[in-house]
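# Below: sequence and its predicted model.
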Protein chains: 4
Amino acid sequence: MADEMDEWLASLLRLSDEDDKMTDKQIKIIQAAVEIFAEKGYAATSTSEIAQKAGVAEGTIFRHYRTKKDLLISIVTPVMAKLVAPFVLRDFNKVLDSHYEHFEDFLRAVMRNRLDFVVKNAPIIKIMLHEIPFHPELQRQFREKVFPQVADRVVRIVQRFQDRNELVEMPPFALLRMAVSVMAGYILTRSLILPDDDWDDEAEIERAVAFIMHGLTPANH
Amino acid sequence: MADEMDEWLASLLRLSDEDDKMTDKQIKIIQAAVEIFAEKGYAATSTSEIAQKAGVAEGTIFRHYRTKKDLLISIVTPVMAKLVAPFVLRDFNKVLDSHYEHFEDFLRAVMRNRLDFVVKNAPIIKIMLHEIPFHPELQRQFREKVFPQVADRVVRIVQRFQDRNELVEMPPFALLRMAVSVMAGYILTRSLILPDDDWDDEAEIERAVAFIMHGLTPANH
Amino acid sequence: MADEMDEWLASLLRLSDEDDKMTDKQIKIIQAAVEIFAEKGYAATSTSEIAQKAGVAEGTIFRHYRTKKDLLISIVTPVMAKLVAPFVLRDFNKVLDSHYEHFEDFLRAVMRNRLDFVVKNAPIIKIMLHEIPFHPELQRQFREKVFPQVADRVVRIVQRFQDRNELVEMPPFALLRMAVSVMAGYILTRSLILPDDDWDDEAEIERAVAFIMHGLTPANH
Amino acid sequence: MADEMDEWLASLLRLSDEDDKMTDKQIKIIQAAVEIFAEKGYAATSTSEIAQKAGVAEGTIFRHYRTKKDLLISIVTPVMAKLVAPFVLRDFNKVLDSHYEHFEDFLRAVMRNRLDFVVKNAPIIKIMLHEIPFHPELQRQFREKVFPQVADRVVRIVQRFQDRNELVEMPPFALLRMAVSVMAGYILTRSLILPDDDWDDEAEIERAVAFIMHGLTPANH
DNA sequence: AATGAATGAGGCTTCATTCAT
DNA sequence: CATGAATGAAGCCTCATTCAT
């Protein structure tokens, strides 16, 4: 347990320096694996294919990652960490208090930030979404490390705005689910489903925020 | 092409009589495959495992489905057809006109109906979502048969309500994406992600519809 | 446990009909494996080599034996059973009483019989001797099934002859160890170590029995 | 050939100074290899495992021993040499003449001495017994260097005692085989097969010598 | 002398598919 | 129609050995 937590924290702290301490070949292995896992899925990807694309011998993969699944986890774990990163900054609440006067400012900031993150890590996000259901180890990471970290903090924010009567009364989780659905609906469509379409991110973000805040009923209705 | 289209139409027409013309063994094969594909993913499932769970010999699978991929497609294709079914009923527009005075009535009806459908076909929906990205054949079906059939029709409905000033002005696709995100967010959470939680479907549907129509801003704000 | 015992008994009962119920290919696999295991040792033998010598596809081996170790155990287990067979015949004691008036008659009979058996199964005996130290499963079989079955019975015989003052007083186990050493020394030399030398089995058996009974001191000394 | 012979002689001459001229790492490699070879067998042992247990890098093993088989031979060769050592002392015959009035004195001395040696070198003896059948190089060493050296000398001793009518007339080799079987039967049981049992070596040696000399027939029979 | 990353051949095993029964 | 033994390609992984540092 302690070890796992350490590793987890380590990967969090290593947020800035990507590919830290990785050998040249290791980086090429990861890059190749990400590319092919995203394209064909983990189970349908062979280690020999990864080796070939990475330009290394197949045995080299197993010097760095004990098993193929280890390789998968080494790819997904860091982006899970980065997924929660903005929410676990030490002075997250302070930042919030000072920065976001209204809930929609918060929404806008989060959506912008996470859209940027997903676009930059689209292939790994795709891998993560596809493989979490099939790998208990990844589920555990998500259930224990990602979800509570984010949910707890955001629920508190929602409640604060509900107390100020800026948001409707409703179980915070339901409220969040709907707001997140809207944002995720755009982020995933734009980065994973139809990445080749032309998108006006700023306009869409504004639209999403407005929709979340005011719904589809026209003002003069 | 003609053949495929025929098959597609056939599966559409076969909507009512499930498992029509299927031998007993064939049904057991499909049932076993659905169960294991959903649990472990298509690529990680072996035909021998399916045969074992279905209680048939390995060879029997290949008597009915030429390849393992054929089996997958035979599973996913009919639910794709049923996914669009309510939108391609011959007198869809008439039904709409007569039944739904307001957009939110339409939303409610669709959400109730599709939630019911997804809950009943959860494993196959899960398979579909996971495998579409990796199988061009399934992508084609979705892109050519499912999406346009539904989108065209629903866009027209949205436009009608926009003309009546019941819905805000906005590109119908964006409007739809957001509304669908909210509904899908609930439907998938409830049926695939956390199916074991207790859910009050009616309440959640009302909440979702209200959210879509009026957003999160309180009335007295 | 019950299963294992059943299997064990089954292999005992199957003593007469060798290769019972085995397919043609299965027999060829076993024959090839015995030959190569004996020649190069289990660990240094590859399954592809076995397949080649057996004239089957490598996959065929694994249809019949789940693992390479299973194959080894399937080879060694039956000869372990046959090793004890003469000692666990239902009316072993009766046979003894009626047949062998003197201990040396018993020795002669056993040595003749087991020499014959080892000569006929030399390669598997060699495999067994080499692999028992490295495979706990085989050790267990020997310790639980072979050794006690034989030792208990033979100790009783020794004691009977000691009671009649036909054998010196001495812990039966020590007495047995020495007598067995002499017999095994010949049997193994003759069948495994120098099988190509010319051996006069009858003369050597007589010599061994005389040695065991009277030692090396000349009568007139 | 010359080289090999030199090496052989060298290892013989090096009898007294164990691990002579070996670097610290070399000693640790040999120790680790002996331990693991004895435990799992040569073929089932990996060089990486040896390196790890020895606390050296994998490459270091190959700096000292060109191949894994070289390592095996470097381990087995010296104990083969020591196995014959007592029989090739320069004044072996003189020693014999002066020391052992009776054959049983000789037996006792040899058995005591070799038991001691085997107990002290049990793991290597085990390796030797297991690997000789699979490595022509080791067979050659045994057949050419060990066996004749010992056999020739001991046969002469036996003949001397036969001439004195202290031993029965019989081909010296057969006589030796039986005597050696009894001694080896104890030595191997005590040191390799059941080393954890309690053994009274002196009593067992006496018993073995008495058995060899007088057999199992009671004096008063 | 020592290291350990890199190699690629080869090991065991699984798998989708075929075919004689 | 159904079976299941047989196949051999391919998958994941290990290993002895090499070589630049």
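The structure has been received and is ready for your questions. Being a predicted model, the structure only gives us computed values, none of them experimental.
# Convert whichever strand or helix holds A:Met183 to CSV, retaining C-alpha atoms only.
Here A:Met183, judged by DSSP states H and E, is contained in helix A:172-188. Below are the C-alpha coordinates for helix A:172-188, written out as CSV (Å, rounded to 0.1, in the frame of the first residue of the first chain):
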residue,chain,number,x,y,z
PRO,A,172,-24.9,17.9,-5.9
PHE,A,173,-24.1,14.7,-7.6
ALA,A,174,-27.0,14.9,-10.0
LEU,A,175,-26.2,18.5,-10.8
LEU,A,176,-22.6,17.6,-11.4
ARG,A,177,-23.4,14.6,-13.6
MET,A,178,-25.4,16.8,-15.9
ALA,A,179,-22.9,19.6,-16.1
VAL,A,180,-20.1,17.1,-16.6
SER,A,181,-22.1,15.3,-19.3
VAL,A,182,-22.4,18.5,-21.3
MET,A,183,-18.8,19.3,-21.0
ALA,A,184,-17.6,15.8,-21.6
GLY,A,185,-20.0,15.5,-24.5
TYR,A,186,-18.2,18.3,-26.3
ILE,A,187,-14.7,17.4,-25.2
LEU,A,188,-15.0,13.8,-26.3
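# can you state the direction angle for it and helix B:172-188?
Relative orientation of helix A:172-188 versus helix B:172-188 (axes from the mean of the first three to the mean of the last three C-alpha atoms, to 10 degrees): 130 degrees.
# quick one: is the next helix or strand after helix A:172-188 near chain B?
Following helix A:172-188 in sequence order, the next helix or strand is helix A:201-214 (DSSP H and E). Yes. Using C-beta under 8 Å from any C-beta of the partner chain, helix A:201-214 reaches chain B at A:Glu204, A:Arg207, A:Ala208, A:Phe211, A:Ile212, A:Met213, A:His214. (Each C-beta comes from the backbone N, C-alpha and C, glycine too.)
# go on, stretch A:157-167?
Yes. Contact between stretch A:157-167 and chain B, assessed by C-beta under 8 Å from any C-beta, occurs at A:Asn165, A:Glu166, A:Leu167.
# Most neighbours among the residues you listed, which one?
Looking at those with neighbours defined as other C-beta atoms under 10 Å in any protein chain shown, the largest count falls to A:Leu167 at 24 neighbours.
# That residue: what secondary structure?
The local conformation at A:Leu167, judged by DSSP: H, G, I helix; E, B strand; the rest coil, is coil.
# Name the nearest residue to the residue nearest the centre of chain A, ignoring sequence neighbours.
With the centre of chain A defined as its mean C-alpha position, the nearest residue by C-alpha atoms, centre = their mean is A:Leu83, 3.7 Å away. Computed as C-beta to C-beta, 6 or more residues apart in numbering or on different chains, the closest residue to A:Leu83 that is not its neighbour in sequence is A:Val146, at 5.9 Å.
# Can you tell me how far the one you found is from DNA strand E?
30 Å (C-beta to the nearest atom of the strand, to the nearest Å).
# Same question for A:Ala57.
As defined by C-beta to the nearest atom of the strand, A:Ala57 lies at a distance of 4 Å from DNA strand E.
# how about that residue, what does it touch?
If a contact means C-beta atoms under 8 Å, 6 or more residues apart in numbering or on different chains, then A:Ala57 has A:Ala51 as its contacts.
# ok, now A:His102?
The neighbours of A:His102, taking C-beta under 8 Å, 6+ apart as the test, are A:Phe161, A:Glu166.
# switch to 10 Å and redo it
Taking C-beta atoms under 10 Å, 6 or more residues apart in numbering or on different chains as the contact definition, A:His102 lies against A:Arg108, A:Phe161, A:Arg164, A:Glu166, A:Met213.
# now A:Trp199
Contact criterion C-beta under 10 Å, 6+ apart gives A:Leu115, A:Val119, A:Tyr186, A:Thr189, A:Arg190, A:Ser191 as the residues in contact with A:Trp199.
# and what of A:Val84?
In this structure, A:Val84 makes contact with A:Leu12, A:Phe142, A:Lys145, A:Val146, A:Phe147, A:Pro148, A:Gln149, A:Val150, A:Arg153, judged by C-beta under 10 Å, 6+ apart.
# on that earlier part again, touching DNA strand F at all, the helix or strand containing the residue nearest to the centre of chain A?
Under the criterion DSSP H and E, the helix or strand holding A:Leu83 is helix A:68-84. Yes. With C-beta under 7 Å from any atom of the strand as the threshold, helix A:68-84 lies in contact with DNA strand F, specifically through A:Lys68, A:Lys69.
# returning to that earlier point: do I have it right that the residue nearest to the centre of chain A meets A:Asn113?
No. Contact status for A:Leu83 versus A:Asn113: not in contact, 11.2 Å apart, counting by C-beta atoms under 10 Å.
# how deep is the closest residue to A:Asn121 other than its chain neighbours tucked in, by neighbour count?
Counting by C-beta to C-beta, 6+ apart, the nearest residue to A:Asn121 once its immediate chain neighbours are dropped is A:Val79, at 5.4 Å. By other C-beta under 10 Å, 20 other residues sit near A:Val79.
# I figured A:Val79 was touching A:Glu131, is that so?
No. Taking C-beta under 10 Å as the definition, A:Val79 is not a contact partner of A:Glu131, at 11.8 Å.
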